[in-house]
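Asker: my questions are about this predicted structure, shown below with the sequence.
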Protein chains: 2
Amino acid sequence: MLRGAALRVTRPRVAVLSAVHTHPHADTDSIIGAVRRDLPEVSHQAVYNTLHALTAARLVRRIQPSGSVARYEARVGDNHHHIVCRSCGLIADVDCAVGEAPCLEASDDSGFSIDEAEVVFWGLCPACSRNSL
Amino acid sequence: MLRGAALRVTRPRVAVLSAVHTHPHADTDSIIGAVRRDLPEVSHQAVYNTLHALTAARLVRRIQPSGSVARYEARVGDNHHHIVCRSCGLIADVDCAVGEAPCLEASDDSGFSIDEAEVVFWGLCPACSRNSL
DNA sequence: GCCTAATCTTGACTGATTCCAGAATAGCGA
DNA sequence: TCGCTATTCTGGAATCAGTCAAGATTAGGC
């Protein structure tokens, strides 16, 4: 995958890419933790660098719901959306009915040239929903 | 408005509420600046407190597109959406065709109880669009 | 195997936001 | 109108995610 994106194959990069694949929607800190289970010596800077490089190469997607830190996921290219729990922050994927970006047309684009419509559904996850009764 | 929300009417609060009305989509720093034109002595903390209180009271809405700091707007209750310029960060409003939250149904809610669908359109504003030609 | 540019390590730094303790004050009741 | 009390504000320190920068390391082409 890395070679396909014209990126050098280094241990930290392989570990980060793999961590993002095994931990969907994880924040940077969790990814650093996961990577260090394989490579205890990686610097946080290397992880930040790699995440930026992978994001720029479209191998991972960066998401950041309001009030949350940056999170990353490896599911790219299918323009799916997310549901975020207002209470615990849990994130789940939602398939996009349309499949191609932008899946939605703006009623009035104010002269902008739009290339993507990002949808975030807000609500309560099953567990928090139960607890709030 | 403040009294209607059972909030004490203080000078900082009036100034913040007014600043949010006159500066749509402004970030906290701009709001602090605008407020200090009226009340030079307000602390940044008072502005943060007030913005949180107003947000909780639903008198203002907090928005935070990926990679941006928190921004606030006074247009509430009509569930409109936003277009964000990828290049300069400019934000414009887009009316929601439906008008009531959630304006969109998730194809599969994963057991979540959803109360809002937030839509962010990404693209280039007219000026940046022209410059990139 | 060597060379060079890309990448990594280390450690300091920034900027937004939050935490805290003491001073000020809005709005209640007398 | 006056005083009381809880809420709010001030000022300053602290936190936390993320960025910057310089020198050491290393992947990958020759």
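Answerer: All right, it came through fine.
Asker: please make it C-alpha for all contacts and neighbour counts, starting now.
Answerer: OK.
Asker: number of nearby residues for the closest residue to residue A:129 other than its chain neighbours?
Answerer: Computed as Cα to Cα, 6 or more residues apart in numbering or on different chains, the closest residue to residue A:129 that is not its neighbour in sequence is residue B:113, at 7.2 Å. A count of neighbours around residue B:113, defined by other Cα atoms under 10 Å in any protein chain shown, yields 17.
Asker: next one: residue A:127
Answerer: Neighbours around residue A:127, by other Cα under 10 Å: 13.
Asker: same question, residue A:84
Answerer: With other Cα under 10 Å as criterion, residue A:84 counts 21.
Asker: now residue A:88
Answerer: Residue neighbour count, defined by other Cα under 10 Å, stands at 11 for residue A:88.
Asker: now swap in residue A:129 and tell me
Answerer: The burial count for residue A:129: 15, using other Cα under 10 Å.
Asker: assumed it was part of a strand.
Answerer: No. Assignment of residue A:129 by DSSP: H, G, I helix; E, B strand; the rest coil gives helix, placing it outside any strand.
Asker: contacts for the longest strand along chain A?
Answerer: Of all the segments of type strand in chain A, defined by DSSP state E, the longest one is strand A:113-124. Identification of contacts with strand A:113-124 by Cα atoms under 8 Å, 6 or more residues apart in numbering or on different chains yields A:65, A:81-87, A:101-105, B:83, B:106, B:112-126, B:129.
Asker: ok, 7 Å please
Answerer: For strand A:113-124, contacts defined as Cα atoms under 7 Å, 6 or more residues apart in numbering or on different chains pick out A:81-87, A:101-104, B:112-125.
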